[in-house]
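1. 3D, please:
(one chain, ligands or ions: 1)
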Amino acid sequence: MAITLPPLPYDVAALEPHLTKENLELHYGKHHNAYVVNLNKFIEEGKADGSKSLDEIIQASSAGPVFNNAAQIWNHTFYWSCMKPKGGGEPKGALADAIVRDFGSFAGFKEKFTNASVSQFGSGWGWLVWENGKLAVTSSGNADLPMKHGQVALLTCDVWEHAYYPTYKNLRPKYVEVFLANLVNWDFVTKNLGLAQK
Ligand code: MN
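-> I've put the predicted structure just below:
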């Protein structure tokens, strides 16, 4: 069974001015799509098992082209849902309570998440995860992702250069600041926390 490119949860121009239409056309239409095309090629060639779900393909593969492309499909699909037009601000309810419990304050969380995302050397991802009954901030290189480390992903920020160069050029810290202030879909993160705690 072929893997398909999931639809963007909003229009390519919906995150402007924080991420431009050109930025999303490249990131979603070219980069995310290329990972889907590559994985389907591996399935056709018998290098990946097309009868498995994407999560199963990721869990069954170790470092290499199949893992890289499968994990990048998962990471990008998750990343798009982590944002919404008029997002950002602060979370409420159970997520807000957990953030205060595990990071001291929302400002404490923001500082950790920003540092992890900005200081990830080279290409990768900043993450808020659920691990051993609490929240944690991590980062990963290239295609690596929480499910390979016994963690449940709650929120991610793509810090590959392709994610922000079209809008911010080399200013990764500005992109991460705007991501938190104007783009994060806290409803999606709250839903993920609920599922992780089940
Ligand atoms: Mn990306």
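
2. can you name the element that comes right after the biggest helix by length in the chain?
-> Criterion DSSP state H: the longest helix present in the chain is helix 65-81. Sequence order places helix 93-103 as the next helix or strand after helix 65-81, per DSSP states H and E.

3. tell me the buried residues in stretch 81-100?
-> Neighbour counts over stretch 81-100 (16 or more other Cβ atoms under 10 Å) mark 81-84, 87-88, 91, 95, 98-99 as buried. For the C-beta atoms, the positions are set from N, CA and C on the backbone; glycine is no exception.

4. the longest helix of the chain near the ion at all?
-> No - using Cβ under 5 Å from the ion, we find that helix 65-81 stays clear of the ion, coming within 5.6 Å at best.

5. chain center to that helix: distance?
-> Chain-centre distance of helix 65-81: 8 Å, with Cα atoms, centre = their mean, to the nearest Å.

6. next one: stretch 136-145
-> For stretch 136-145, the separation from the chain centroid amounts to 9 Å (computed by Cα atoms, centre = their mean).

7. and what of stretch 8-28?
-> Distance, stretch centre to chain centre, for stretch 8-28: 15 Å (Cα atoms, centre = their mean).

8. what are the buried residues along it?
-> Quick answer for stretch 8-28 (16+ other Cβ under 10 Å): 8, 12, 14-15, 18-21, 23-24, 26-28.

9. so what would you say the end-to-end distance of that stretch is?
-> 8 Å (Cα to Cα, to the nearest Å).

10. please see if it touches the ion.
-> No - residues of stretch 8-28 contacting the ion under Cβ under 5 Å from the ion: none, with a closest distance of 5.6 Å.

11. cool, stretch 104-117 as well?
-> No - using Cβ under 5 Å from the ion, stretch 104-117 never reaches the ion; the gap is at least 13.0 Å.

12. contact partners of that stretch?
-> 90-91, 96, 99-100, 102-103, 125-128, 135, 137-139, 155, 157, 159, 172-173, 176-177, 179-180 (Cβ atoms under 8 Å, 6 or more residues apart in numbering).

13. for Phe42, which non-adjacent residue is closest in space?
-> Closest residue in space to Phe42, ignoring its immediate chain neighbours: Ala48 at 4.3 Å, by Cβ to Cβ, 6 or more residues apart in numbering.

14. how near is the one you found to the ion?
-> Distance of Ala48 to the ion, given as Cβ to the ion, to the nearest Å: 20 Å.

15. would you confirm that that residue contacts Val66?
-> Yes - between Ala48 and Val66 there is a contact at 4.7 Å, judged by Cβ atoms under 8 Å.

16. so what's the residue count around Lys134?
-> 11 (other Cβ atoms under 10 Å).

17. from here on, count from 278
-> Okay, using 278 as the starting number, the last item reads as Lys411.
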